[in-house]
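[1] My questions concern the predicted model and sequence given below.
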Amino acid sequence: MADATYSDTYEGVHQVLERLLGPDGCPWDKKQTRESLTDMFLEECYELVEAIEEGDTGKIVEELGDVLFHVMFQMKLGEDSGEFTQDVVLGGLVDKLVRRHTHVFGDESASGPDDAIANWDAVKRQERAESGGSILDGVPKNMPALAYAQAVQGRAERAGFDWDSFQGVLDKVTEELAEIEAAGSDEEREKELGDLLFSVVNAARWMGIDSEASLRGTNRRFYQRYTIMERLSRDRGVAFDALTIDAKEALWQEAKANS
């Protein structure tokens with residue numbers, strides 16, 4: 001429940017934020033800028049994603065609150081600097097949602113999710129064309145690289161630029177792997193590795209797999225299994241670093257069977 005002084009509503013959070021940034025508020029909060037909050041905002045978003053993937057309702061509720069607070073904090077900074085108001089942000093969002101959901105608020109129809117996203121993309125393409133921009137514009141370039149690759153590939157695919165078959169996608173992965181093996185310098189290998197990763201992400205997209213989430217899952221499994229290996233080694237009175245590679249492989253297989 002919210003503090004009795006402040007309601008458990010959007011307005012209540014706004015009042016708390018105004019108090020924190022007021023004359024007798026929090027020195028740390030008052031020192032923050034749009035730029036200084038960026039890394040913390042990203043961290044909160046990642047924590048929300050983790051909570052969702054873990055299916056932890058309590059953590060989801062908490063992290064949603066943290067993300068919302070950061071959004072409201074940024075809007076408050078905009079208001080205080082005179083750059084924009086909360087109404088401008090929310091009004092722009094409402095306009096965009098209505099404008100791009102032509103199958104809900106307009107004359108278009110959508111029989112399923114594919115039709116809905118096609119309608120959305122058609123409006124976005126028209127907007128980009130009118131502004132002279134690319135359909136790839138708007139995908140943040142500082143996104144995690146796998147997520148960025150999948151996002152731009154998805155946009156290109158919806159504009160009709162894609163492979164004819166999944167086999168072609170897989171053949172490209174094999175081709176890029178061979179080009180790494182044939183590379184004659186570190187610079188070439190780095191370039192070809194990037195091409196390989198891009199092709200693997202494309203394969204994930206064709207399979208309907210989120211490459212970023214897939215790799216996060218593998219990272220979690222590696223963490224769990226490696227820490228089990230360390231624990232088993234400690235329990236047996238053996239220094240993990242001193243084990244042979246065969247002994248470590250045996251521990252890995254044991255940890256894999258128990259995770």
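    Yep, that arrived.
[2] outside of the strand or helix carrying residue 191, which residues touch it?
    Per DSSP states H and E, residue 191 falls inside helix 186-206. With C-beta atoms under 8 Å, 6 or more residues apart in numbering as the contact definition, helix 186-206 has outside contacts at 145-146, 149-150, 153-154, 157, 163, 166, 169-170, 172-173, 175-177, 179-180, 183, 210-211, 214. Yep, even glycine has a C-beta here, placed from its N, CA and C like the rest.
[3] 10 Å - rerun?
    By C-beta atoms under 10 Å, 6 or more residues apart in numbering, the list of residues contacting helix 186-206 from outside reads 145-154, 156-157, 162-163, 165-166, 168-183, 185, 209-215.
[4] Touching, residue 52 and residue 67? I think so.
    No. Look at residue 52 against residue 67 with C-beta atoms under 10 Å: they stay out of range, at 11.3 Å.
[5] By mean pLDDT, flag the weakest helix or strand of the protein.
    Least confident helix or strand, the chain: helix 113-131 with a mean of 85, by mean pLDDT, DSSP states H and E.
[6] what's the neighbour count on residue 194?
    Neighbours of residue 194 under the rule other C-beta atoms under 10 Å: 13.
[7] Show the pLDDT at it.
    We have a pLDDT of 96 for residue 194.
[8] Also the one 4 residues further on?
    As predicted, residue 198 sits at a pLDDT of 97.
[9] go on, the one 10 residues further on?
    Residue 208 carries a pLDDT value of 95.
[10] so how many other residues sit close to it?
    If you count neighbours by other C-beta under 10 Å, residue 208 ends up with 6.
[11] repeat for residue 24
    The local packing of residue 24 (other C-beta under 10 Å) involves 5 other residues.
[12] what separates it from residue 178, distance-wise?
    Separation of residue 24 from residue 178 (C-beta to C-beta, to the nearest Å): 67 Å.
[13] For the protein, which residue occupies the most central location?
    residue 147 (6.4 Å; C-alpha atoms, centre = their mean).
[14] what's that one in contact with, if anything?
    Going by C-beta under 10 Å, 6+ apart, residue 147 touches 139-140, 201, 210-213, 215.
[15] mind redoing it with 8 Å?
    Contacts for residue 147 (C-beta under 8 Å, 6+ apart) come out as 211-212.
[16] ditto for residue 144
    Counting by C-beta under 8 Å, 6+ apart, residue 144 touches residue 212.
[17] okay, it: pLDDT?
    Listed pLDDT for residue 144 reads 91.
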